[in-house]
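Q: task: produce atomic coordinates for the following.
(one chain, ligands or ions: 1)
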Amino acid sequence: MSGTAGPIVRATGVGKSFRGLHALAEVEFEAAEGEILGIIGPNGAGKTTLFNVVSGALAPDTGRVVFDGRDVTGAAPDRIARAGMVRTFQLMRPFGSMTVAENVALAAQHERLSARTLRERSLDVVERVGLGPYAHRRATELPTAGLKRLELARALAMRPKVLLLDEVLAGLVPAEREPVLDLLAGLRERDGTTLLFIEHIMAAVMRLADRVLVLDQGRVLAAGAPEEVTSDPRVIDAYLGEEPTTGEPAGEPGDQAGREEATDAGS
Ligand SMILES: Nc1ncnc2c1ncn2[C@@H]1O[C@H](COP(=O)(O)OP(=O)(O)OP(=O)(O)O)[C@@H](O)[C@H]1O
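A: Residues are numbered from 1 along each chain as shown. All right, here's what the predicted structure looks like:
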């Protein structure tokens, strides 16, 4: 489903094996500029591996990744990030001896901005993610929700065209998720940012995603509009369980026992 200008990211025939285990096989997807693509699937489905390949952390065994009209297959992660495709990680490792704003500034340091511009950009991004009151405090003082926002701020400081988000809501209580979701939804409005986000919290996927890519055992099981995908029997069977759209994931994905309790998700 390409827009008139063609997709900003396109992966074709992507395969990656780890000692005979097909983490990814013949994976194809594309995202148009400004599109929000949710990526879901059980544990071990290959979601993070796909991000690793797309962002350059891993070279695929087969296939190509094209970003903004350029073939970036196997290119170094920092090159891809500087070209405008930036990822967040599930685990955050801020520099504890530095302030929140300094941690953010580090992410954009390579752009050789003046100290003043760098500081202004960092503070702007820190404000936007709601960390204004912590700007000049050490990153180690942040609670989990704050660390998540810091990770997002660091990615945003690079002014990405495409932002790859790996479970940015994990570990947040529902009240903490809302502002992050608002922020993410606002990125497209404000900057036209394309988002690819891996997420297990289905309420977030339903709210944000224009389209959803479902991976299962390294392959694309389904792709399409959120309502279409979540009512697909194959997706329900492989991942969602009985009640796909109630909010919380149907148990931890891959946790087959969790499917029994899926109808009462939401707490
Ligand atoms: N560096 C690696 N070496 C060996 N096996 C790996 C490596 N990275 C991933 N795998 C394997 O590849 C498969 C896909 O893993 P991946 O982390 O991409 O899944 P995922 O969908 O992101 O899962 P989760 O939801 O648990 O994060 C798994 O079986 C995993 O054990």
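Q: contacting residues for A105?
A: For A105, the contacting residues are L118, R119, R121, S122, A157, taking Cβ atoms under 8 Å, 6 or more residues apart in numbering as the criterion. Using the backbone N, CA and C atoms, a C-beta is placed for each residue, glycine as well.
Q: of those, closest to the ligand?
A: Within those, the smallest distance to the ligand is 25.3 Å, found for A157 (Cβ to the nearest ligand atom).
Q: confirm L215 sits in a strand?
A: Yes: following the definition DSSP: H, G, I helix; E, B strand; the rest coil, L215 is counted among the residues of a strand.
Q: tell me the confidence at it?
A: Taken from the predicted model, the pLDDT recorded for L215 is 97.
Q: ok, it touching A222?
A: No: between L215 and A222 there is no contact under Cβ atoms under 8 Å: 9.3 Å.
Q: the two: who's more crowded?
A: Under the neighbour definition other Cβ atoms under 10 Å, L215 and A222 were set side by side, and L215 has more, 27 against 20.
Q: distance-wise, check that one relative to T49.
A: L215 is 9 Å from T49, where distance means Cβ to Cβ, to the nearest Å.
Q: does A155 sit in a helix, a strand or a coil?
A: Recorded secondary structure, A155: helix (three-state DSSP).
Q: can you pull the contacts of it?
A: Contacts of A155 by Cβ under 8 Å, 6+ apart are V86, R87, T88, A107, L163, L165.
Q: how close does it sit to L195?
A: As it turns out, when the distance is counted by Cβ to Cβ, A155 lies 11 Å from L195.
Q: between these two, which contacts overlap?
A: L163, L165.
Q: show me where the stretch 1-150 of the chain has its helices.
A: Assigned helices in the stretch 1-150 of the chain, in chain order: 47-55, 77-83, 100-107, 115-128, 144-156 (criterion: DSSP state H, counting those that start in this stretch).
Q: any idea of the pLDDT on G258?
A: In the prediction, the pLDDT value recorded for G258 is 35.
Q: circling back: could you dump the helices of the stretch 1-150 of the chain to TSV with distance to the ligand and mean pLDDT?
A: Supplementary listing: those in TSV, determined by distance: least, Cβ to the nearest ligand atom, whole Å; pLDDT from 0 to 100:
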stretch	distance to the ligand	mean pLDDT
helix 47-55	3	97
helix 77-83	15	93
helix 100-107	23	94
helix 115-128	27	94
helix 144-156	16	90
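Q: correct me, but A76 touches G56?
A: Yes: using Cβ under 8 Å, A76 makes contact with G56 at a distance of 5.7 Å.
Q: burial of the closest residue to H136 other than its chain neighbours, as a residue count?
A: Nearest residue to H136, sequence neighbours excluded (Cβ to Cβ, 6 or more residues apart in numbering): T99, at 5.1 Å. In terms of burial, T99 registers 19 neighbours under the definition other Cβ under 10 Å.
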